[in-house]
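Participant: Pasting a predicted model and its sequence here:
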Amino acid sequence: MTSAPHPDHQPEDLCSPGTALYERALRQGQVAAQEAAVAPCLVDFGLLYPSVADASRLEPVPPAAALHRLLRGSAERIAEERRREERLTETFETLMRVEGPRTVGPRSSALRLLSGTRRINQAITETMAEASQEILCVQPHSGLLGRRVEEARAVALVRDQELLDRGGRIRTLYQHTLRHVPSVAGYHEKLTGDVEVRTLDEVTDRLIIVDLRVAFIPANGDGTLALEVRHPALVGYFATTFDRLWRLATPMYPLAVPQPSAGRVTPRQRAIAGLLVEGHTDAVIAERLGMNVRTAREHIAKLAATLGSGSRAQLGYLIGQSGILDPEP
């Protein structure tokens, strides 16, 4: 009777016989070569290798060394896939510029995936160079973090000013968190022209709309992919969403309007109170309002002290009883 063939698997899904034999080899220092017949994957993955002193014995590679080697190989494959994505994007961007009866149309021009920060900024700059009317921009707090912020601002400053010089208009929505960040206010003070900035507690992810004709939105979580949208219905939908948020927002620039306050509770604490009664955790509240968890907890503590709460459950009850979330007259 022959044994069943060994199933194919990857190192991250190490089979039970292989795991047991590898553990025993680590404890004993070596195992007989014929024992690896039940788990040939250990030799294939380089976890066991023939002993120099006795070829009939197999010695184990230390787990830390094996893990380092496997992770390095995984990182190299990921890097190669990234390079392949860039080459594909470069190749097909050229092909998409070819004019012909089978290349032009809604399917080929309505949506375009942009890969890499450099390519995304280049596409935005090229589109804005053709603009003459209005730029609508939503900028969440997370979009202003990172090592290349100053470089990105320098590029944006040039293209924004060129649009303003052509008689265009810029409207930008930030989160309230950024109202007192000097670099944010300073950026708009450097511009000359029709510029307006407003803020909200919560905004959408990053959005740029150019002349109600083209929109740019993120296509992944880390901002290395973006979608260029030219479909009129989608761009119109984004613009309508922006206008509705704009009407709810508080002016910040050129004329800053103080945020309304309900009694002794600050506007920021009022926003946090609304999320607390919905049952959100501190981490979710911080993410939604564009702040770190420590700052969110400090605001929650101050809110609890203001309302005289001794517990999280009591705080939710007191928020409801206080009327701070009631619509303003």
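Facilitator: In hand now; what should we look at? Residues are numbered from 1 along each chain as shown.

Participant: tell me what whichever helix or strand Arg87 is part of is packed against?
Facilitator: When secondary structure is defined using DSSP states H and E, the element that contains Arg87 is helix 63-96. Using 3 or more Cβ pairs under 8 Å, 6 or more residues apart in numbering; DSSP states H and E as the contact criterion, the neighbours of helix 63-96 among helices and strands are strand 111-115. Bear in mind the C-beta positions are built from the backbone N, C-alpha and C, glycine included.

Participant: For the helix or strand just after the strand it packs on, C-alpha coordinates in CSV please.
Facilitator: Stepping forward along the backbone from strand 111-115, the first helix or strand reached (DSSP H and E) is helix 117-129. Provided in CSV are the C-alpha atoms of helix 117-129 (Å, rounded to 0.1, in the frame of the first residue of the first chain):
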residue,chain,number,x,y,z
THR,A,117,3.1,59.4,-6.3
ARG,A,118,5.1,60.9,-9.1
ARG,A,119,2.7,59.8,-11.8
ILE,A,120,-0.3,60.9,-9.8
ASN,A,121,1.1,64.4,-9.2
GLN,A,122,2.1,64.6,-12.9
ALA,A,123,-1.5,63.8,-14.0
ILE,A,124,-3.0,66.3,-11.6
THR,A,125,-0.5,69.0,-12.8
GLU,A,126,-1.2,68.3,-16.5
THR,A,127,-5.0,68.5,-15.9
MET,A,128,-4.8,71.7,-13.9
ALA,A,129,-2.6,73.2,-16.6
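
Participant: Check the average confidence over helix 117-129, would you?
Facilitator: For helix 117-129, mean pLDDT rounds to 89.

Participant: what pairs with the helix or strand just after that helix, and is each one parallel or antiparallel?
Facilitator: Next helix or strand after helix 117-129 toward the C-terminus (DSSP H and E): strand 134-139. Sheet pairing here is set by DSSP bridges, and for strand 134-139 it gives strand 169-175 (parallel), strand 207-210 (antiparallel).

Participant: List the buried residues for the helix or strand following strand 134-139?
Facilitator: Using DSSP H and E, the helix or strand that follows strand 134-139 towards the C-terminus is helix 149-165. When neighbours are counted by 16 or more other Cβ atoms under 10 Å, the buried residues of helix 149-165 are found to be Arg153, Ala156, Arg159, Asp160, Gln161, Leu163, Leu164.

Participant: tell me the most buried of the strands paired with strand 134-139?
Facilitator: Mean neighbour counts were taken over those using mean count of other Cβ atoms under 10 Å, and the top value, a mean of 22, falls to strand 207-210.

Participant: Need the contact partners of it.
Facilitator: Outside strand 207-210, the residues within contact range by Cβ atoms under 8 Å, 6 or more residues apart in numbering are 124, 127-128, 131, 135-138, 215-217, 235, 238-239, 242.
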